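*Asks:* Can you look at this prediction? I've put the sequence above it.
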Amino acid sequence: MSASTPQRSAAMIASIADDGVPTTQAPFGHALAELAERDERVVGLTADLGKYTDMHVFAAAHPSRFVQVGMAEQALMTVAAGMATTGLVPFASTYSVFATRRAYDFIALDIAEPQLNVTIVGGLPGLTTGYGPSHQATEDVAILRGIPGLVIVDPADAVDVEQAVPALAAAPGPAYLRLLRGAVPRVLDRYDYRFEIGRAAVVRPGNDVVLVSSGLMTMRALLAAERLSEHHVDVSVVHCATLKPFDEETVLREIDGPRLPLTLENHSVVGGLFETVASAMVRRGVSVPLRPVALPDEFLDAGALPTLHDRYGLSTDAVVTRVLTELGRG
Amino acid sequence: MLTSRTPTTRTRDTAVAACREAAHRIRMGVLVQGEAQGEGYVAQGLGAADILAVAYTHLLRLRPQDPDWPDRDRFLLSTGHYALLLYSALAEAGTIPVEELRTYAADGSRLPMSAMSTYTPGVEISGGSLGHGLGLAVGTALGQRLQARPSRTVVLFSDGELDEGSTWEAAMAASSHRTGDLLAFVDMNGMQADGPTREVLDVDDQVARWESFGWRATRVDGNDVGALVDVVGLAASRMTPVGVPQIVLCDTRLGAGVPMLESREKLHFMKIAEDEWPRCMRQLTEQHEGGRR
């Protein structure tokens, strides 16, 4: 990149879609609005980020069931909890950084401890914006994993989001949904896949490498698997849409063998998918070398999102290169 | 201002008398729990007892044997360490047996030191991490209104919780969403963990502050049952699903009703020796009977 032609960063509205991948606009907002058509318990709340968490779609469809609390994340969590105590099923959206870093006490005590049916919808999870550490929730899963009874869902694409929304409303307890918003890639409909809380899915079988992934990294894993087949590398992809409760049975069964296992996550290497799998391996005596594709334990750079995904190893190109390197073919 | 819902003088006097009797029994329940455990936030419980007596006797529409009745009025205790006061009020209401008060904070008890909705029938929220109650109350009021339930939401928090930003976030949410079926009480006992509230953080001018946040605010002697009955009656007459949220700032005396505790050095956690409990109870009864005459 030369100094005279700086790359435009589109830092906040950057898409995570790779070239050529079909997308669906605002799948969360549409799924929630549709669910509310048949379930009158469903309400939506936001803390001044309706437009940026796709909640505006729900708000436009069901204005009387939408609550704007303003830029006040503590109020977001307490008001959602209060509504849940009356039998409603709230979905409360803000950015992941604000939900986790600002409102933790309110999630833990008002929503999780009484096991209320509230879904906290976190926008910009992991590295999905170039705004820098103020907006990059690289440790959101690490923060929330310690809360007993809180379901954590990290959907891969629009298909996953659309199936997760009604499933989370139907489940009685609290949940945190890592939101993919805007133009969201649609890849899982090419596979025989169904979202189920607490279940990992072998989306694609393969003989040489096992990619255990969650969130948007499952999309990258599937794209990388196609590219790696051109290199005669046969890649399996195991998608962990639910990070908690974690489907240890499926994941350990898949990685316990001769294939090269890697975890792929849009999250810090501390406290996310890699450590979840690693601790399960230790407890169950599964001993294979496990390699993480994850964000470093650092405050990340600001800049253009595609540049950052390359820099920190999350892009499809970076995953392909990493797998070939691990196989000694880099 | 007289409205059709304003009680006549005679029913008002009857209500005040009933609330005074309830307050006495609630205070005795606080002492029973304090004695059983040898400790507890007894001074705060005694101080705010009149507020709960008036709320449970004169305001809340409950089915004490059916604490999950969807149309019930909600009483949310934000200040979780006032648990022993709430348990005593629930015993007075008939939701929990009076004898159970002796299990306060014991292993396996339904009555933990800090009140939790997951432990005790009639306890609506898990308070204790301060500054949560008002926001929960706003959500509760909105939820009831959305489902067209004829239910009012009442919350009690303490003057120390006026330090918490979340209280003010909730205050704005309430006035913005016009939760007119929401009534808040603040126990202005003037004491928090590190000392007098005024010295920890200035929380003066509360009526003006709440009015500027779009609330209807009143300040009252929180140990004057007659004044509380009047204020609560007026507030209740104004409650409506869409309207101005109301707050009653109640100046209370730590240890109220037991002279030997009222005159003791004011501390957040007041120590009472084992042999002092019977004296406390005796003084409480003497005070009450003296007031009745």
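*Replies:* Perfect, thanks for sending it.

*Asks:* Pull up the residues of the stretch 1-150 of chain A that are close to chain B.
*Replies:* Applying Cβ under 8 Å from any Cβ of the partner chain, we find that the stretch 1-150 of chain A lies next to chain B at A:43, A:64-65, A:67, A:69-70, A:72, A:74-75, A:77-88, A:105-106, A:109-110, A:113-115. To be clear about C-beta, it is placed using only N, CA and C from the backbone, and glycine gets the same treatment.

*Asks:* Out of these, which end up buried?
*Replies:* Among the residues of the stretch 1-150 of chain A next to chain B, those scoring as buried are A:43, A:65, A:67, A:69, A:72, A:74-75, A:77-86, A:88, A:106, A:109-110, A:113-114 (criterion: 16 or more other Cβ atoms under 10 Å in any protein chain shown).

*Asks:* Could you tell me which of the residues of the stretch 1-150 of chain A next to chain B belong to strands?
*Replies:* Using DSSP state E, the members of those that fall in strands are A:Val43, A:Val67.

*Asks:* Strands along the stretch 1-150 of chain A, start to end?
*Replies:* Assigned by DSSP state E, counting those that start in this stretch, the stretch 1-150 of chain A shows strands spanning A:23-25, A:42-46, A:66-68, A:89-95, A:119-123.

*Asks:* could I get those strands as a markdown table with distance to B:Thr14 and mean pLDDT?
*Replies:* As requested, the strands of the stretch 1-150 of chain A are exported to a markdown table (distance: least, Cβ to Cβ, whole Å; pLDDT from 0 to 100):
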| stretch | distance to B:Thr14 | mean pLDDT |
| --- | --- | --- |
| strand A:23-25 | 64 | 97 |
| strand A:42-46 | 42 | 98 |
| strand A:66-68 | 41 | 98 |
| strand A:89-95 | 42 | 98 |
| strand A:119-123 | 49 | 98 |
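
*Asks:* Kindly reformat these as JSON lines containing distance to A:Val210.
*Replies:* Written out in JSON lines, the entries for the strands of the stretch 1-150 of chain A read as follows (distance: least, Cβ to Cβ, whole Å):
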{"stretch": "strand A:23-25", "distance to A:Val210": "27"}
{"stretch": "strand A:42-46", "distance to A:Val210": "37"}
{"stretch": "strand A:66-68", "distance to A:Val210": "43"}
{"stretch": "strand A:89-95", "distance to A:Val210": "32"}
{"stretch": "strand A:119-123", "distance to A:Val210": "28"}
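
*Asks:* all helices of chain A, in order?
*Replies:* Chain-ordered helices for chain A, with DSSP state H as the definition, fall at A:27-38, A:55-61, A:73-85, A:96-97, A:104-106, A:140-144, A:158-170, A:216-229, A:248-255, A:273-284, A:305-311, A:316-326.

*Asks:* Let me have the ones you listed in CSV, adding mean pLDDT as columns.
*Replies:* As requested, the helices of chain A are arranged in CSV below (pLDDT from 0 to 100):
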stretch, mean pLDDT
helix A:27-38, 98
helix A:55-61, 98
helix A:73-85, 98
helix A:96-97, 98
helix A:104-106, 98
helix A:140-144, 98
helix A:158-170, 98
helix A:216-229, 98
helix A:248-255, 98
helix A:273-284, 98
helix A:305-311, 95
helix A:316-326, 98
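
*Asks:* So which residues on the stretch 51-200 of chain B come close to chain A?
*Replies:* Remark: the part of the stretch 51-200 of chain B in contact with chain A comprises B:70, B:74, B:116-118, B:124-126, B:128-129, B:131-132, B:134-144, B:146-147, B:149, B:165-166, B:169-170, B:172-173, B:176-177, using Cβ under 8 Å from any Cβ.

*Asks:* which among those end up buried?
*Replies:* If you count burial by 16+ other Cβ under 10 Å, the buried members of these come out as B:74, B:116-117, B:124-126, B:128-129, B:131-132, B:134-144, B:146-147, B:149, B:166, B:169-170, B:172-173, B:176-177.

*Asks:* taking those one by one, which sit in helices?
*Replies:* Secondary-structure check on those using DSSP H: residues within helices are B:134-144, B:146, B:166, B:169-170, B:172-173, B:176.

*Asks:* Run a quick neighbour tally on A:Ala280.
*Replies:* Other residues within reach of A:Ala280 by the criterion other Cβ atoms under 10 Å in any protein chain shown amount to 17.

*Asks:* ok so B:Ile26 is a helix residue?
*Replies:* Yes: counting by DSSP: H, G, I helix; E, B strand; the rest coil, B:Ile26 falls inside a helix.

*Asks:* List the contacts of it.
*Replies:* Residues counted as contacts of B:Ile26 (Cβ atoms under 8 Å, 6 or more residues apart in numbering or on different chains) are B:Ala49, B:Leu52, B:Ala53, B:Leu85, B:Ser88, B:Ala89, B:Glu92.

*Asks:* wait, the fifth one sits on B:Val30?
*Replies:* Yes: shown here, B:Ser88 and B:Val30 form a contact pair, counting by Cβ atoms under 8 Å, at 5.2 Å.

*Asks:* any common contacting residues for the two?
*Replies:* What both B:Ser88 and B:Val30 touch, as defined by Cβ under 8 Å, 6+ apart, is the set B:Gly45, B:Ala49.

*Asks:* now A:Gly87: how far from B:Gln144?
*Replies:* 10 Å (Cβ to Cβ, to the nearest Å).

*Asks:* And for A:Gly206?
*Replies:* Applying Cβ to Cβ, the value for A:Gly206 to B:Gln144 is 54 Å.

*Asks:* can you check A:Leu179 too?
*Replies:* When Cβ to Cβ is applied, the distance between A:Leu179 and B:Gln144 equals 29 Å.

*Asks:* thinking again about what came up before, winner for burial among the helices of chain A?
*Replies:* Between these, helix A:73-85 has the highest mean count of neighbours, a mean of 31, where neighbours are mean count of other Cβ atoms under 10 Å in any protein chain shown.

*Asks:* what angle separates that one from helix B:165-176?
*Replies:* In terms of direction (axes from the mean of the first three to the mean of the last three Cα atoms, to 10 degrees), helix A:73-85 departs from helix B:165-176 by 60 degrees.

*Asks:* Which strands and helices lie in contact with helix A:73-85?
*Replies:* Here helix A:73-85 touches strand A:42-46, strand A:89-95, helix A:104-106, helix B:133-146, helix B:165-176, going by 3 or more Cβ pairs under 8 Å, 6 or more residues apart in numbering or on different chains; DSSP states H and E.
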